[in-house]
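[1] Curious how this folds, go ahead:
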Amino acid sequence: MNINISNSSGVPIYEQIISQIKTMILSGQLKEGDALPSMRLLAKELRISVITTKRAYEDLERDGFIQSFTGRGSFVSGMNHEFIREEHLRRIEEHLAAIQTEALLCGISMKEIVDMIKIMYDEGDMI
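    Residues are numbered from 1 along each chain as shown. Take a look at the predicted model:
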């Protein structure tokens, strides 16, 4: 598993791990039933504390992204489609908040932003 950690990003390491694993699951790169590296192995690969990987895995399990079994390891959970949709909506809201902030700083109106999005949809530039 390829996880990149930045000590200078200002985002706690466990949150970076969570974010990257969630992205891999939501994008389909990690599928239901796929095994994650053990907490110790991931900590060793990333050169971080096992406590940090433990916290990330616990949060991922709490949020329903993974299941952990004593002695067997951690695996990607089966996700229900409504949960996946909600996670995508949450991420879109974060991006829209950043767009709103940038637009306000530049004096760009909401109508201009909406028009930009409509053009992108109409031209098929969106994925």
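
[2] quick one, phi/psi of Gly73?
    Note on Gly73: backbone dihedrals following degrees, to the nearest 10 are phi 120, psi -170.

[3] Distance check, it against Gly10.
    Distance of Gly73 to Gly10, given as CB to CB, to the nearest Å: 31 Å. The way it works is simple: take the backbone N, C-alpha and C, and place the C-beta from them, glycine included.

[4] And Arg55, by the same measure?
    Taking CB to CB as the measure, Arg55 falls 18 Å from Gly10.

[5] Looking only at neighbour counts, state which of the two leads.
    Neighbours per residue (other CB atoms under 10 Å) separate Arg55 from Gly10, with Arg55 holding more: 18 against 6.

[6] show me the contacts for the more buried one.
    Listed by CB atoms under 8 Å, 6 or more residues apart in numbering, the contact set of Arg55 reads Tyr14.

[7] With Phe69 instead?
    Neighbouring residues of Phe69 by CB under 8 Å, 6+ apart: Phe75.

[8] Next: the one 4 residues further on.
    Contact criterion CB under 8 Å, 6+ apart gives Ala35, Leu36, Ser38 as the residues in contact with Gly73.

[9] Who's the closest spatial neighbour of the second one, skipping the chain neighbours?
    Here the nearest residue to Leu36 in space, its sequence neighbours aside, is Ser74; by CB to CB, 6 or more residues apart in numbering that works out to 4.4 Å.

[10] how distant is the host helix or strand of the one you found from the center of its chain?
    If you go by DSSP states H and E, Ser74 is part of strand 73-76. Remark: strand 73-76 is offset 17 Å from the chain centroid, using CA atoms, centre = their mean, to the nearest Å.

[11] Name the next helix or strand downstream of the helix or strand hosting Thr52, please.
    According to DSSP H and E, Thr52 maps onto helix 50-62. Past helix 50-62, further along toward the C-terminus, the next helix or strand under DSSP H and E is strand 66-69.
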